[in-house]
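**Student:** kindly generate the corresponding structure for this input.
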Amino acid sequence: MANTVDVIFEEWESSGTISAPNIKRVEEIFELLMKVKLGEVETSVDADPHFAFAQLIALTSFLNAVATKRPSIIKRLGKWVKKLQAVANALAKKLGANGFSIGVQIPAGVSVDLSFPVT
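**Tutor:** Reported below is the predicted structural model:
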C-alpha cells in the first residue's frame, strides 16, 4: 500500500495533476497516505531539516491539489492536526524559526508557515 502512496504522489510531482482514479484512491487510502508522508517528513527533520521542510510543503501542496477535486479531504485532516503541529514544531526548532502556523483557507487548502526573526 505504501507503494501506492508513492505512485500517486509521483504522478502529481511529475505532471502537476492527479488523475480521477487516483483522486478516488487518495480518498480510500487517506490515512495511510498521511501516515507515510508525514512519517517521511518526521524522519528527515534531524538529518536534513531543509529537505524535511520541502517535503512538508510538497505534502501540503499535494493535499491542496486533492482538495480542489474533493474538498471533503480537508475535514479528514482534523485527525492529523496534532501530528502536523508536532512536525512543524520540530522543523521550526531545527531551522531556527521563532514560530509556525497551520492554516486552512478557502478555496479548500491547507498551509504550514514558518516565521523567522529578521537579523
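**Student:** helix or strand right after the strand or helix carrying Glu11?
**Tutor:** In this structure, Glu11 sits in helix 2-15 according to DSSP states H and E. Per DSSP H and E, the first helix or strand lying C-terminal to helix 2-15 is helix 20-28.
**Student:** just the mean pLDDT for the following helix or strand past that following helix, thanks.
**Tutor:** Per DSSP H and E, helix 20-28 leads on to helix 30-47 as the next helix or strand towards the C-terminus. What helix 30-47 shows for mean pLDDT is 94.
**Student:** what lies in contact with helix 30-47?
**Tutor:** With Cβ atoms under 8 Å, 6 or more residues apart in numbering as the test, helix 30-47 has contacts from 1-2, 4-6, 8-9, 26, 51-52, 55-56, 59, 62, 73, 76, 79-80, 83-84, 86-87, 90-91, 94. Yep, even glycine has a C-beta here, placed from its N, CA and C like the rest.
**Student:** A strand includes Tyr103, no?
**Tutor:** No, residue 103 isn't Tyr; it's Gly. Yes - assessed with DSSP: H, G, I helix; E, B strand; the rest coil, Gly103 lies in a strand.
**Student:** report the buried residues of the helix holding Glu11.
**Tutor:** Neighbour-count burial for helix 2-15 flags 4-5, 8-9, 12 (criterion: 16 or more other Cβ atoms under 10 Å).
**Student:** contact partners of that helix?
**Tutor:** In this structure, residues lying in contact with helix 2-15 by Cβ under 8 Å, 6+ apart are 17-19, 22, 25-26, 29, 32-33, 36-37, 58, 62, 65.
**Student:** for it, what is the average pLDDT?
**Tutor:** Mean pLDDT, helix 2-15: 88.
**Student:** angle of that helix against helix 30-47?
**Tutor:** 80 degrees (axes from the mean of the first three to the mean of the last three Cα atoms, to 10 degrees).
**Student:** now helix 2-15 - C-alpha only, CSV.
**Tutor:** Output of helix 2-15 as CSV, limited to C-alpha atoms (Å, rounded to 0.1, in the frame of the first residue of the first chain):
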residue,chain,number,x,y,z
ALA,A,2,2.8,2.4,0.8
ASN,A,3,4.0,1.9,-2.8
THR,A,4,0.5,3.1,-4.0
VAL,A,5,1.1,6.3,-2.0
ASP,A,6,4.4,6.8,-3.7
VAL,A,7,2.9,6.2,-7.2
ILE,A,8,0.1,8.7,-6.7
PHE,A,9,2.5,11.3,-5.2
GLU,A,10,5.0,10.8,-8.0
GLU,A,11,2.2,11.2,-10.6
TRP,A,12,1.3,14.6,-9.0
GLU,A,13,5.0,15.6,-8.8
SER,A,14,5.8,14.8,-12.4
SER,A,15,2.6,16.1,-14.1
